[in-house]
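Trainee: Okay, predicted coordinates and the sequence, questions at the end:
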Amino acid sequence: MNNKDPEGPFTRIAVYGKGGIGKSTISANISATLADEGYSVLHIGCDPKHDSTRALLGELHPHTVTDFLRSSDARTDCSALVRTGYNGIACIEAGGPEPGVGCAGRGILSTFEILGRMGIDSSRYMYTIYDVLGDVVCGGFAVPLRREYADLILIVTSGEYMSLYAANNILRGIQNFDMNINRIGGIIYNSRGGSEEDEQLKKFSDAVGLPILVKIPRSEIFLTAEKHSNTVVAAFPNSLEASLFRELISDLTSTKKPVSRYRARPLDVIKLESLILGRDISASSSFSHQVSVNFKPAMPKTVDGTGCFRVPEKPPLFGCAFAGAITVLSQIQDASIIAHCPSSCAHIVSNLLVSSHNRDHDKSGYHGKQTPFSLIHTGMDEKMMVFGGIDRLKKSIIKSAESENRVIFIISGCAPGITGDDIEGCSSDMSQSLGIPVIPVSVNGIGEGDFSAGTMAGYQASLQLVKKGTGGKRKSVVLVGEKILANNTSANFNELNQYLSALDIPVLCRFLAHTTVNEVESMNKQSLILPASSDESTLKLSEIISEKTGSDIFPYSLPFTFHETVRWVKNLAKIFRVEDKGSALVALKEKKYREEIGLIMQKTVGKRVIISSSGPDISWVLEIVRECGMEIIRAGYLSSPYLMKDKQKISDISIIPDYTLEKLYDDIKTYRPDLVLTTIWLDHKKANVRYGMIPFCPNVGFFGALSSMKHWTSILFGPVTEGWRNYL
């Protein structure tokens with residue numbers, strides 16, 4: 001190692017440029033020249049090809065950092081990562097995964113983390129040179145741009161348009177990191193020998209405000225040196241090309257006149273094209289010259305009046321598709337789920353499932369054995385984030401196949417979407433070799449959307465189990481779309497099942513809630529589809545099942561009020577031709593209902609109510625409130641991602657579609673209601689009113705809404721503000 005100390009702090013130089021522009025050649029010659037001048041140098045190649053140090057070592061670096069990551073453990077000696085090359089230069093190659101597998105950008109991130117953990121500190125060297133792949137769009141390759149790594153940035157480019165285009169993109173990346181900080185030393189002009197190169201590069205450098213530090217001419221001498229795995233500086237020290245590198249290093253290391261640093265000022269793409277190519281593309285479509293004169297393509301709805309395409313706004317994500325898919329598929333008791341993800345993701349989802357299951361069964365009075373679900377994960381770690389996790393996934397599938405479960409679902413988290421793991425191909429191969437269905441659900445974490453999108457993906461994956469063809473009509477129903485994370489799922493099903501049992505109607509399958517593979521398979525037998533709710537996803541799912549099985553869809557979702565339940569029971573009884581049993585069931589429940597609502601009305605008649613909800617439907621709330629003799633002052637829907645598109649007008653009550661929180665507080669202050677029913681927590685200082693919560697998943701059946709009304713009635717006789725709030 002050289003020991004020459006320059007004045008001032010050590011310098012870390014990141015060399016960027018378009019792929020193939022000669023960064024590695026120039027970086028290696030810069031390092032060699034610095035070493036010849038007596039400086040200690042650390043040269044780090046940040047390209048998966050790991051060929052940056054070849055000219056310094058005389059061969060490819062045999063031990064890259066990603067190789068170390070792939071095969072090592074905490075006890076492995078890291079000394080092989082740093083090899084000594086020409087004139088004492090310390091050489092490190094980041095390396096990367098095999099082409100087409102894993103994530104090279106993540107490999108660069110891991111490289112810097114590993115070097116830091118191992119104490120390989122660039123501050124031990126006077127100069128550190130980072131030879132970086134030109135794709136600054138990837139966060140991994142942009143790591144050397146971070147200020148804790150690079151003090152000086154050099155941009156290698158020719159005068160060709162695409163090289164300048166890449167250089168401009170690099171400036172945009174630098175600008176994102178630095179804003180107005182001056183860190184760019186200038187441009188290294190690696191000429192290709194074009195006739196207009198000098199002029200074009202001069203235009204570009206002037207436009208972006210960066211000096212041309214040196215012009216490296218096109219020369220066969222570089223090819224000759226490369227054939228011998230050497231630098232021009234070492235192989236031909238007396239050449240003109242070597243002298244150019246010495247002049248460059250003299251400028252970069254000068255203490256009398258330190259090299260100036262500039263901020264990034266990238267050009268607009270249209271301005272760049274106009275500047276270099278001499279044409280204006282602002283007024284023309286990028287594809288207009290390719291379209292036949294006689295061809296008039298249909299304009300999509302996302303085109304505004306000017307003919308410009310507009311990207312439609314996406315709604316915000318609520319939860320991830322990965323969790324949604326696991327939630328629904330975990331309801332198939334004899335199916336195995338492999339979560340292809342880091343262990344933390346699987347842990348979060350499993351906690352969600354276990355806690356919701358416990359709350360549901362505690363509330364329903366169930367204290368038996370928990371419904372089993374088989375969930376294992378591949379535990380994607382840092383290595384798999386770089387190299388991909390297909391090998392671990394195959395091992396997990398083989399392990400899962402040892403159970404007696406009849407099907408395996410593979411659900412992908414965010415990480416496989418980044419590494420590009422071929423989950424579909426792996427599933428197909430393993431299914432054939434193991435002889436059991438292995439079904440991929442490639443939601444890629446949030447890649448397919450939010451929690452609801454994941455549940456739909458899980459539902460559709462499970463429909464692959466339904467056998468082809470349809471059997472004869474069977475007196476049964478398929479219950480679709482139960483809210484399986486609600487606290488009252490089991491209680492609601494038990495209540496519903498009592499009604500179905502009284503009508504002698506069996507439940508063929510709960511799709512998907514506490515079911516089995518056999519029950520899902522048997523859905524090919526035509527049965528009546530009972531939608532659990534009227535939300536968009538449940539109705540869409542019911543249509544998909546209907547198309548696949550030929551079954552009809554019952555026109556009513558599960559009821560919450562007495563009158564809704566009467567309609568639901570009588571129509572169901574009519575379809576199955578058991579009207580007498582339906583009438584008997586209604587008569588049995590009506591007597592008790594009248595007794596209970598009579599007691600409640602003694603406390604509720606004449607009370608004034610405001611109703612505001614961000615939930616999907618409040619028609620049942622309006623019905624039970626009015627039946628109990630209460631006066632509805634206002635009823636409206638607050639803005640919410642769960643809001644349904646179409647709202648009903650209940651009798652003579654107009655529901656306000658854009659009821660804001662501010663309007664709600666104003667109405668409370670103006671009308672001073674006895675009770676507010678809402679789905680959101682109110683600010684007691686602003687509201688100063690008694691209020692009750694509207695459940696997102698109400699109890700079903702003849703007494704469902706009545707159970708909520710009993711709770712709300714109790715609030716009427718409590719204090720307006722609880723005493724503990726005085727201490728807030």
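Mentor: On my side now, so go ahead.
Trainee: centroid residue for the chain?
Mentor: Centrality entry for the chain: nearest residue to the mean C-alpha point is I446, 2.7 Å, by C-alpha atoms, centre = their mean.
Trainee: Low-confidence bits of the stretch 401-550 of the chain, can you list those?
Mentor: 469-474 (pLDDT under 70).
Trainee: same check, this time on the stretch 601-728 of the chain
Mentor: For the stretch 601-728 of the chain, counting by pLDDT under 70, the residues that fall below are 616, 639-653, 723-728.
Trainee: Which parts of it are strands?
Mentor: Assigned by DSSP state E, counting those that start in this stretch, the strands in the stretch 601-728 of the chain fall at 608-613, 631-637, 675-678, 691-693.
Trainee: Figure out which of those strands is closest to A207.
Mentor: strand 631-637 (53.9 Å; C-beta to C-beta). Every residue, glycine included, has its C-beta placed from N, CA and C.
Trainee: Next, the angle from the closest one to strand 608-613.
Mentor: 10 degrees (axes from the mean of the first three to the mean of the last three C-alpha atoms, to 10 degrees).
Trainee: For stretch 623-633, what is the distance to the chain centroid?
Mentor: 44 Å (C-alpha atoms, centre = their mean, to the nearest Å).
Trainee: How about that stretch, which residues are buried there?
Mentor: Judged by neighbour count (16 or more other C-beta atoms under 10 Å), stretch 623-633 contains these buried residues: 623-628, 630, 632-633.
Trainee: likewise stretch 327-345?
Mentor: Buried residues in stretch 327-345, counting neighbours by 16+ other C-beta under 10 Å, are found at 327-332, 334-342, 345.
Trainee: Kindly report the same for stretch 565-581.
Mentor: For stretch 565-581, using 16+ other C-beta under 10 Å, the buried residues are 565-566, 568-569, 572-573, 576, 578, 581.
Trainee: Then stretch 206-216?
Mentor: 207-208, 210, 212-214, 216.
Trainee: mind listing the strands for the stretch 401-550 of the chain?
Mentor: 407-412, 438-441, 477-480, 507-511, 528-531.
Trainee: now swap in the stretch 251-400 of the chain and tell me
Mentor: Under the criterion DSSP E, counting those that start in this stretch, strands of the stretch 251-400 of the chain are mapped to 335-340, 374-377.
Trainee: which helices and strands does the first one pack with?
Mentor: Under the contact criterion of 3 or more C-beta pairs under 8 Å, 6 or more residues apart in numbering; DSSP states H and E, the helices and strands touching strand 335-340 comprise helix 321-329, helix 343-364, strand 374-377, helix 390-401, strand 407-412.
Trainee: Okay, angle between the longest one and helix 321-329 too, please.
Mentor: Read that as helix 343-364. Interaxial angle of helix 343-364 relative to helix 321-329 (the same axes, to 10 degrees): 40 degrees.
Trainee: so what secondary structure elements neighbour helix 343-364?
Mentor: Against helix 343-364 (3+ C-beta pairs under 8 Å, 6+ apart) you get helix 321-329, strand 335-340, strand 374-377, helix 489-502.
Trainee: As CSV, these with distance to G425 would be great.
Mentor: Below are the helices and strands packed on helix 343-364 laid out as CSV (distance: least, C-beta to C-beta, whole Å):
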stretch, distance to G425
helix 321-329, 19
strand 335-340, 13
strand 374-377, 20
helix 489-502, 36
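Trainee: Sort out which residues of stretch 503-511 are buried, please.
Mentor: Buried residues in stretch 503-511, counted by 16+ other C-beta under 10 Å: 503, 505, 507-511.
Trainee: Run through who's touching that stretch.
Mentor: With C-beta atoms under 8 Å, 6 or more residues apart in numbering as the test, stretch 503-511 has contacts from 331, 459, 462, 474-482, 493, 497, 500, 515, 519-520, 522-523, 525, 527, 541, 545, 569, 572-573, 576, 578, 581-582, 585.
Trainee: how is this protein carved up into domains?
Mentor: Using automatic domain parsing, the domain ranges for the chain come out as 11-275, 321-465, 587-727.
Trainee: Torsion angles phi and psi at R690?
Mentor: Main-chain dihedrals, R690, degrees, to the nearest 10: phi -70, psi 130.
Trainee: isn't it right up against V676?
Mentor: Yes: contact criterion C-beta atoms under 8 Å: R690 and V676 qualify, at 7.2 Å.
Trainee: Which one of those two is surrounded by more residues?
Mentor: Just comparing R690 and V676: by other C-beta atoms under 10 Å the higher neighbour count belongs to V676, 22 against 18.
Trainee: Give the burial count for the spatially closest residue to that one that is not a sequence neighbour, as a bare number.
Mentor: Ranked by C-beta to C-beta, 6 or more residues apart in numbering and with sequence neighbours excluded, the top spatial neighbour of V676 is Y691, at 3.9 Å. Residues within reach of Y691, counting by other C-beta under 10 Å, total 22.
Trainee: and if you look at D268?
Mentor: 11.
Trainee: go on, M118?
Mentor: M118: 15 neighbours (other C-beta under 10 Å).
Trainee: What score does it have for pLDDT?
Mentor: pLDDT, M118: 77.
Trainee: Give the other helices and strands that the lengthiest helix in the chain contacts.
Mentor: Longest helix in the chain by number of residues (criterion: DSSP state H): helix 579-604. Counting contacts by 3+ C-beta pairs under 8 Å, 6+ apart, helix 579-604 is packed against helix 489-502, helix 562-575, helix 704-716.
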